[in-house]
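Asks: Model the following, please.
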Amino acid sequence: MIQIENLTKRYGSFTAVDDITFTARPGRVTGFLGPNGAGKSTAMRMLVGLTVPSSGSALVLGRPYRSLPTPARHVGVMLDAAAQHAGRTGRETLVLAAAMAGMPRHAVDRALERVGLTSREAERRVGNYSLGMRQRLGLAGALIGEPQVLVLDEPANGLDPAGIRWMRGLLRDFADQGGTVLLSSHLLHEVEQVAHDIVMIGGGRIVAEGTQEELLAGHGQTVVGTPEGERARLAAELRGAGHQVDLRGEDLVTNATRAQVARIALTAGVPVTHLAESSAGRLEEMFLQLTADQARQERTEEVSA
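Replies: Numbering: from 1, shown residues only. Predicted coordinates:
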């Protein structure tokens with residue numbers, strides 16, 4: 001478990017992280033989202049003891065990271081995959097990581113297998129790795145101590161679609177086995193696919209927090225199928241009731257709920273062939289709305305100052 005309580009970081013007059021509180025629980029993936037400069041990386045650095053907080057606390061498994069015995073055996077951390085030593089091979093990098101975690105050398109092969117790096121790729125120097133390979137190597141280093149908690153900053157950056165799908169499965173499996181995952185990413189669609197809980201930060205402050213179901217309620221769309229000759233009439237009825245309606249292929253897409261669509265169609269006598277919710281774009285829509293509101297607030301504060 002990760003517990004963040006009233007965590008704050010100030011640099012002179014600038015507040016990078018402003019009194020944030022949230023919990024990442026075992027058995028769940030928590031998506032930590034925010035635009036560039038929102039304070040995500042600073043918060044994660046405070047969590048793993050790389051930056052000293054101005055106030056508040058950040059606990060992992062009930063203790064500050066620095067007080068954990070052999071931290072890598074409890075917490076796997078990947079904050080910057082590009083920071084690996086370019087002159088070492090992938091295997092040498094993991095041998096050092098295993099030694100620091102107090103793990104046997106055969107843990108290296110296990111970690112390589114888990115992230116899909118071959119023995120031949122492990123013998124190449126990191127400087128010759130693609131960004132995606134560096135991400136896999138960084139994740140191998142985070143997993144090598146068989147930790148209970150993962151703290152990952154942009155782990156899917158540089159991965160191709162197949163790699164992103166693999167990453168999604170790995171994180172879900174880790175959580176399903178009781179692990180805690182704190183995942184920072186700008187790939188909102190991917191976070192929507194894997195995260196159970198969401199924490200959104202803007203301007204150093206939490207602007208939204210909760211389960212996906214809680215946060216995305218009301219942000220969905222409804223896909224409606226109706227015979228071609230009735231499509232325009234149903235669209236007109238929905239718009240007349242104050243709902244947005246667009247055409248997607250042979251279907252109508254509206255911001256009305258399924259219950260609202262069904263009631264309007266029944267009243268108008270329009271047959272409906274299928275009716276389903278669509279989650280496409282919901283997280284992105286909410287993210288842009290909330291961070292835009294935060295940006296407007298900051299601009300207002302600047303003008304008032």
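
Asks: Let me see the contact set for the spatially closest residue to Leu68 that is not a sequence neighbour.
Replies: In space, and not counting its chain neighbours, Leu68 is closest to His74: 5.1 Å by CB to CB, 6 or more residues apart in numbering. Where you see a C-beta, it was placed from the backbone N, CA and C, and this is true even at glycine. With contact set as CB atoms under 8 Å, 6 or more residues apart in numbering, His74 has these partners: Val60, Leu61, Leu68, Gly145, Pro147, Gln148, Val149.

Asks: The stretch 151-300 of the chain: strands as residue ranges?
Replies: For the stretch 151-300 of the chain, applying DSSP state E, counting those that start in this stretch gives strands covering 180-184, 197-202, 205-211, 221-225, 245-248, 251-254, 274-278.

Asks: Ramachandran coordinates for the residue nearest to Leu68?
Replies: phi -120, psi -30 (degrees, to the nearest 10).

Asks: any idea how far it lies from Thr30?
Replies: Distance, His74 to Thr30, using CB to CB, to the nearest Å: 17 Å.

Asks: ranking the contacts of His74 by neighbours, who comes first?
Replies: In terms of neighbours by other CB atoms under 10 Å, the contacts of His74 top out with Val60 at 27 neighbours.

Asks: Could you pull out the helices in this protein for me?
Replies: In the chain, the helices defined using DSSP state H lie at 40-47, 90-100, 106-115, 119-122, 131-143, 161-176, 188-194, 212-216, 228-240, 258-268, 282-304.

Asks: Quick one: list the elements packing against the first one.
Replies: On a contact count with 3 or more CB pairs under 8 Å, 6 or more residues apart in numbering; DSSP states H and E, helix 40-47 meets strand 2-11, strand 14-24, strand 28-33, strand 55-60, strand 149-153, strand 180-184.

Asks: wait, which of those is closest to Gln221?
Replies: Across the helices and strands packed on helix 40-47, Gln221 has its closest neighbour in strand 28-33 (20.6 Å, CB to CB).

Asks: before we move on, the earlier item: take the strands of the stretch 151-300 of the chain and lay them out in JSON lines including mean pLDDT, distance to Gly138 and mean neighbour count.
Replies: Below are those laid out as JSON lines (pLDDT from 0 to 100; distance: least, CB to CB, whole Å; neighbours: other CB atoms under 10 Å):
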{"stretch": "strand 180-184", "mean pLDDT": "96", "distance to Gly138": "13", "mean neighbour count": "25"}
{"stretch": "strand 197-202", "mean pLDDT": "92", "distance to Gly138": "22", "mean neighbour count": "24"}
{"stretch": "strand 205-211", "mean pLDDT": "90", "distance to Gly138": "27", "mean neighbour count": "17"}
{"stretch": "strand 221-225", "mean pLDDT": "86", "distance to Gly138": "36", "mean neighbour count": "21"}
{"stretch": "strand 245-248", "mean pLDDT": "85", "distance to Gly138": "39", "mean neighbour count": "14"}
{"stretch": "strand 251-254", "mean pLDDT": "88", "distance to Gly138": "39", "mean neighbour count": "20"}
{"stretch": "strand 274-278", "mean pLDDT": "79", "distance to Gly138": "34", "mean neighbour count": "12"}
